[in-house]
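Novice: Pasted the sequence and its predicted model underneath.
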Amino acid sequence: MSEQTTNPVGKSVPRVDAYDKVTGAAAFTDDLQFGPGLLFGRAVRSPYPHALIKRLDVGPALELRGVKAVVTGADTPGFIGLYLKDRHIFCTDRVRYVGDPVAGVVAASEEIAEEAARRVVVEYEELPAVLDPLQAIQPDAPLLHPDLGSYDVVPFIFPQPGTNISNVFRVRKGDVEGAWAQCDAVVADTYRVPHIQHVPIEPHVAIARWDLSGEVTLWSSTQSPFAQRDLIAHTLGISQGDMRVIGNYIGGGFGSKAGVSMEALAVAMARQVPGRPVKVRMTREEEFYCCFVRQGLVARVKIGGTKEGRILALQVEYYWDAGAYTEYGVNITRAAGYSSTGPYNIPNVKTDSYCLYTNHPVGGPMRGFGMPEIHWSIEQSVDQLAEALAIDPVAFRQRNCVQGGDVIVTGMTMHPHGLSECIERVAQRIDWGKKEVPSAPHKRRGKGVAACWKAPAMPPNPGSEAWVRFNEDATVSVGVGGQELGQGAFTVAAQVAAEALGIPYEWVRIANPVDTKYSPYEWQTVASRITWSMGNAVKAAAEDARRQILEIVARYWDQDPGDLDIRGGEVVSSKSEQSLSLRNLVVYGLPLPDDQGWIGGPIIGRGKFMPTYVTGLDPETGQGARAVVHYTTGAQAAEVEVDLETGRVELLCIAAAYDVGKAINPEQVHAQLEGGVVQGASSALLEALTFQDGRPVNASFVDYRIMTAVDAPQRILTDFVEVPQDDGPWGARGVGEHPMIATAPAIANAIYDALGIRFNDLPLTAEKIYLALQGA
Amino acid sequence: MANHAITVTVNGVKERVDVPSNMTLLEMLRQRLALTGAKNGCGAGECGACTVLLDGEPVNACMVLAAEVDGAAVVTVEGLAQDGQLSAVQQAFVEEGGVQCGFCTPGMLISAHALLQRNPRPTEDEIREALVGNLCRCTGYTRIVRAVQKAAQGGVE
């Protein structure tokens, strides 16, 4: 405790978890030791994208020495899902993607489990597969979910029984058809985004144990301990009170570890072997297609504007390749719909966003939750329109970008924010408007810009809870239910608690791992909502504790609590100039004069936060008073150099600026932006999960490349502005997902500037660019 | 499965371990010696999360059989700090924000440590080249590179 950082909000204090993580001490789920009783589970997975299960014989697996149990769909008849309960834990009668789990074996070792999984006999009857969203929406397409109409669903998701459409979100605003005639230019195009994978370096892992007492414990690498508790307990008929989820540090999530994916397999397997922990660990191959993938998208965009530079009308159709189950992905479709204009003020909008079942892996949440996918089309379309109107793309964005007070696409009034300044800053950072000389005659340089917005996509009422508890020496344990997946949530929580209590940052300890039995509630660590929502809960808990302390000391000093404050870990009085250390008093209280008893006692502060103001939207028009809690906005600019002989794109510089409301920890904001830019750049240039007849063919790090230290851009210029959020802690709003959103379209716009070729489909591989250059 | 009785020095401590023929060095470290710092990210030598020093050279521990390291010296991330003091490269990772989720960090640190051993003053390109086998999905590498530069400027190791 040599360092004493008082008032840490706004300061770049080191991470609370850094020491544990550089020494190897930080415990990830796979690091937990369970002793010799540990068993190992392995899933038997479908080799077909779409088939009926005709016969299943687990006998040969059970005969193998060391096999303890085999579980099948007959053991898990219920449905599971976050927004739409459309999947079984193990398939019952039908498989819908290559990798769909049909059985699980439990054995004494991983090797035996693997061998036993091979011995489970499954006979299938192949069905025609749906491998493209435009095929899925055809009236005669094979139906993936004939029982769609009977699934449980939340009220803001609209499945269309008898079709492959599991949700549709529409916007009808103004008069799009009438507006085209008033446009001086209209451009229309189709853009495609492939499935990609989150690729956390830590694969999914879960260990489950059913105690004979009935308590079920799940240790999992999860962004969502509480959602897992709720969903798994619901599906398996366990009381939430008996279902305990423990979430250690997470080795990267990016959405793949949100909700429930493979964790329920471990719980269902463990039910067969009461008292024994069962570990299920995804291989890297399984990680690529057996948990979540990012949804694919076909986007049809038509956009028009006037020669004065106003965007007048937008018509978009989004066809989401949402995969075999859309229990989580249905809300991506919705988010894409209510944000379908991008960060622009467009008076006439017609949007149809369709969530479509296909026989691809399960589409689920991934960093940006639909926004990187739709901005790929929006931000290129805006550039196309600017060009058709002969207006500079930066000036065109400044002219049309949404301002505080504007009524946006859903009818909600936009809060104050700093998008214009973000656009201006990134343009400056790359010397927008200045033509650069290529480094060689066979190379071309270009610059591009893209703006973006994203709101936390979630139910209207996701809650956060926190507690703050003092130790004898006035150090503080802060209980949170949000997860540390690398983004710095624990560090921010510690800063918030210290600031609100008036104690040094170094006195705060985060009570981890998150354990649903002891930790306060948190809906999920998703949606860039933690700094804002959990931050509010921690702040409230700290203020509650502070109030209790001041009341006790005020009574002790016979003063008014309003005259007291806590500064640097001491209670001080502005009236009497007295001061009192927090040590001991925060646990033992204070003695009354003349040995007349004691006051106070152990201090525990509690706090919560839940937005209460989000309204429903009209299902036909998408209009309502307040669609979302807020938007985080920002912009990126890219400068590229393209090699005409190889098609290779070099990312010379990427500038990023976002309005974070308030940077609780400025260096961590920069770190998030850098990481997001590189993940976005990797998705732009390298990444696509590819399939042959529905089978993934590149599910390894050799065949599915992500950016290495050599590939990543060396010049990443990050910046933020701070227009406060009215209900954020010190004005903060989230920025975890956003830096990935604008990267790919900014690069594509820069490539267009360099080559005059527009690329509509991701990724922008050297091969694709080379072939386009040959054709041009 | 045949067992092999091997002797291996891990982080300066001599260990005698019985290992099956098919056990990897990574499994031995994590399961037999409870050294869980080296991580299993792919099991195929592609991600670098399990990087350890084997007789001074960085290797993917998932690609080495435990039986092969008989008589060798292994250093894992747990062996970088001495007497509770972080090594310069560890300290630089803390100060420069080279850590986010922390899963690639043990392997990154070992690769960075090995680089600075053989090249105390690497250029940025040399640092990036040395870390090419260590995948990171969080940081974008910028702060990791900066941390290695800082450790090098400290005249370390």
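Specialist: Received it, and whenever you're ready, just let me know what you need. Numbering: from 1, shown residues only, chains lettered A, B, ... in the order given.

Novice: Pull the contacting residues for residue 92.
Specialist: In the absence of a named chain, this looks at chain A. A:53, A:73-74, A:77 (C-beta atoms under 8 Å, 6 or more residues apart in numbering or on different chains). C-beta coordinates here come from the backbone N, C-alpha and C atoms, glycine included.

Novice: Oops, wrong one, chain B.
Specialist: Neighbouring residues of residue B:92 by C-beta under 8 Å, 6+ apart: B:98, B:147-148, B:150-151, B:154.

Novice: near chain B, which residues of the stretch 401-550 of chain A?
Specialist: Residues of the stretch 401-550 of chain A lying near chain B by C-beta under 8 Å from any C-beta of the partner chain: A:485-488.

Novice: mind running it again at 6 Å?
Specialist: Within the stretch 401-550 of chain A, the positions lying close to chain B (C-beta under 6 Å from any C-beta of the partner chain) are A:485-486.

Novice: In stretch A:402-417, which residues are buried?
Specialist: Neighbour counts over stretch A:402-417 (16 or more other C-beta atoms under 10 Å in any protein chain shown) mark A:402, A:408-412, A:414-415, A:417 as buried.

Novice: chain center to it: distance?
Specialist: 24 Å (C-alpha atoms, centre = their mean, to the nearest Å).

Novice: So which of the contacts of residue A:92 belong to helices?
Specialist: Members of the contacts of residue A:92 lying in helices (criterion: DSSP state H): none.

Novice: So which of these are in strands?
Specialist: Per DSSP state E, strands hold the following members of the contacts of residue A:92: residue A:53.

Novice: Give me the phi and psi angles of residue B:17.
Specialist: Main-chain torsions, residue B:17, degrees, to the nearest 10: phi -140, psi 140.

Novice: Find the nearest non-adjacent residue to it, please.
Specialist: Once flanking residues are discounted, residue B:17 sits nearest to residue B:32: 5.3 Å by C-beta to C-beta, 6 or more residues apart in numbering or on different chains.

Novice: before we move on, what about residue B:145?
Specialist: Using C-beta to C-beta, 6+ apart, the nearest residue to residue B:145 is residue B:127, at 5.2 Å.

Novice: What's the local residue count around that neighbour?
Specialist: A total of 23 residues lie near residue B:127 under the criterion other C-beta atoms under 10 Å in any protein chain shown.

Novice: State the pLDDT value of the residue in chain B positioned nearest to chain A.
Specialist: Per C-beta to the nearest C-beta, residue B:37 is where chain B lies closest to chain A, at 2.5 Å. Among the per-residue scores, residue B:37 holds a pLDDT of 98.

Novice: Now it: closest residue in space that isn't a chain neighbour?
Specialist: Using C-beta to C-beta, 6+ apart, the closest residue to residue B:37 is residue A:24 (2.5 Å).

Novice: I'd like to know which residues of chain A are adjacent to chain B.
Specialist: A:14, A:18, A:21-24, A:26, A:31, A:199, A:201-202, A:251-252, A:284, A:485-486, A:667, A:671, A:674-675, A:678, A:701, A:708-710, A:712, A:716.

Novice: Which members of those occur in helices, if any?
Specialist: Counted as lying in helices by DSSP H, out of the residues of chain A next to chain B, are A:18, A:21-23, A:284, A:667, A:671, A:674-675, A:678.

Novice: for these, which one is nearest residue B:74?
Specialist: Ranked by distance to residue B:74 (C-beta to C-beta), those are led by residue A:23 at 16.8 Å.

Novice: Any idea how many residues pack against the closest one?
Specialist: Neighbour tally, residue A:23, other C-beta under 10 Å: 21.

Novice: And the pLDDT for residue 60?
Specialist: Picked chain A for this. Per-residue pLDDT puts residue A:60 at 98.

Novice: The chain in question should be chain B.
Specialist: We have a pLDDT of 98 for residue B:60.

Novice: List the contacts of the residue in the stretch 151-300 of chain A that chain B sits nearest to.
Specialist: When scored by C-beta to the nearest C-beta, the stretch 151-300 of chain A has residue A:251 as its residue closest to chain B, at 2.9 Å. Neighbour list for residue A:251: A:28, A:200-202, B:101, B:103 [criterion: C-beta atoms under 6 Å, 6 or more residues apart in numbering or on different chains].

Novice: Closest to residue A:117 out of those?
Specialist: Minimum distance to residue A:117 across these is 22.4 Å, recorded for residue A:202 (C-beta to C-beta).

Novice: which residues touch the closest one?
Specialist: A:251-252, B:103.

Novice: got it, and residue A:466?
Specialist: Contacts for residue A:466 (C-beta under 6 Å, 6+ apart) come out as A:480, A:520, A:537-538, A:541, A:607.

Novice: Tell me the most packed of these, by neighbour count.
Specialist: Among those, residue A:538 has the most neighbours (other C-beta under 10 Å), with 36 neighbours.

Novice: Which helix or which strand is home to that residue?
Specialist: According to DSSP states H and E, residue A:538 maps onto helix A:535-557.

Novice: got the CA positions of whatever helix or strand comes next after that helix in CSV?
Specialist: Following helix A:535-557 in sequence order, the next helix or strand is strand A:564-567 (DSSP H and E). The C-alpha coordinates for strand A:564-567 follow below in CSV (Å, rounded to 0.1, in the frame of the first residue of the first chain):
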residue,chain,number,x,y,z
LEU,A,564,-18.5,15.9,7.3
ASP,A,565,-16.6,14.4,4.4
ILE,A,566,-14.3,11.4,3.8
ARG,A,567,-11.0,12.4,2.2
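
Novice: is it true that residue A:82 lies in a helix?
Specialist: No: counting by DSSP: H, G, I helix; E, B strand; the rest coil, residue A:82 is not found in a helix; it is coil.

Novice: Now do the contacts for it.
Specialist: Applying C-beta under 6 Å, 6+ apart to residue A:82 gives the contacts A:259, A:327-328.

Novice: rerun at 10 Å
Specialist: By C-beta atoms under 10 Å, 6 or more residues apart in numbering or on different chains, the residues touching residue A:82 are A:154, A:224, A:227, A:230-231, A:258-260, A:327-331, A:364-365, A:459, A:524.

Novice: what's the neighbour count on residue A:619?
Specialist: 12.

Novice: likewise the one 5 residues further on?
Specialist: In terms of burial, residue A:624 registers 15 neighbours under the definition other C-beta under 10 Å.

Novice: Can you tell me how far it is from residue A:774?
Specialist: 50 Å (C-beta to C-beta, to the nearest Å).
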